[in-house]
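Colleague: The amino acid sequence is not available; the structure is as follows:
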C-alpha cells in the first residue's frame, strides 16, 4: 500500500484510496516483470503508462468531477502521489494529453527535438505512423489525434493507418461478394425476361 498512509491525509482521501492502491500495485508489477527480450528503454514503458493513468485519474477527480478538494489535491502533489508538473501541462492548450514530461524535454533527445509522439499522425511520414517514442512507448499524445495518448500496447493498430495485406484480402472478398450479387441479379432478370418472352401457355385447339 502507499507509503503516504503513514501520514494523515485530508478528508476525502478514502474516496480515491483503493484506486490509488491499485495503480501502485500495477506500477510494482511493471517494475518486477520479466524484461527478457526487451530493449532497455522498453522496460520503462509500462511504468510511464501507469504513471500517466494514475495522474489522469487524480486530474479527473479534481478538475473534472470535483470529487476531491483542493486541499487533498495539493496534499497529493506535496507527497508526490500526483505529478503536479505533468498535470499542470494538461491544462495548457496543445498539451491536454501529454504522455510524459520526457516527451517535451529536448535535452534528452540526440537532435534537440521533442519526442515523435508529439508529432500529429497526419503530419508524419508513412513509415513513422505507428512508431512509439523510444523514451515513453507513446505512439501519439498530440491533442488532435483521437484517443490520445495512444500507447504501444493499446487498441491502435498499424492497419488503421496503413493498407495491410489482410485489408486487401477483405476488400477482394467484398468485391467478389458484390460480383456474385450482381450476377444473381442478372440471372434473375434473364429468367424474368425469358418468362415474359414465352408468354402465357397456349390452349389446345378443340377438334
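Modeller: Sure thing, it's come through. Values in this document were obtained by computation on a predicted structure and should not be read as measured data. Numbering: from 1, shown residues only.

Colleague: ranges for the helices of the protein?
Modeller: Using DSSP state H, the helices found in the chain span residues 17-32, 45-59, 70-78, 84-90, 165-198.

Colleague: got the contact list for the residue nearest the centre of the chain?
Modeller: Nearest residue to the geometric centre of the chain (C-alpha atoms, centre = their mean): residue 150, 3.8 Å. Taking C-beta atoms under 8 Å, 6 or more residues apart in numbering, we find residue 150 in contact with 138, 139, 140, 141, 156. Yep, even glycine has a C-beta here, placed from its N, CA and C like the rest.

Colleague: Any figure for the gap between it and residue 22?
Modeller: According to C-beta to C-beta, to the nearest Å, residue 150 stands 23 Å off from residue 22.

Colleague: so where's this protein uncertain?
Modeller: Along the chain, segments meeting pLDDT under 70 span 1-6, 110, 155-207.

Colleague: Go again with 90.
Modeller: Applying pLDDT under 90 to the chain picks out residues 1-8, 33-41, 106-113, 125-131, 146-148, 153-207.

Colleague: So in terms of bridging, what pairs with the residue nearest to the centre of the chain?
Modeller: Listed by DSSP bridges, the beta-bridge partners for residue 150 are residue 140.

Colleague: Could you double-check that residue 131 sits in contact with residue 139?
Modeller: Yes - between residue 131 and residue 139 a contact is recorded at 7.1 Å, counting by C-beta atoms under 8 Å.

Colleague: Compare these two and say which is more crowded by neighbours.
Modeller: More neighbours surround residue 139 than the other of residue 131 and residue 139, with 27 against 15 (other C-beta atoms under 10 Å).
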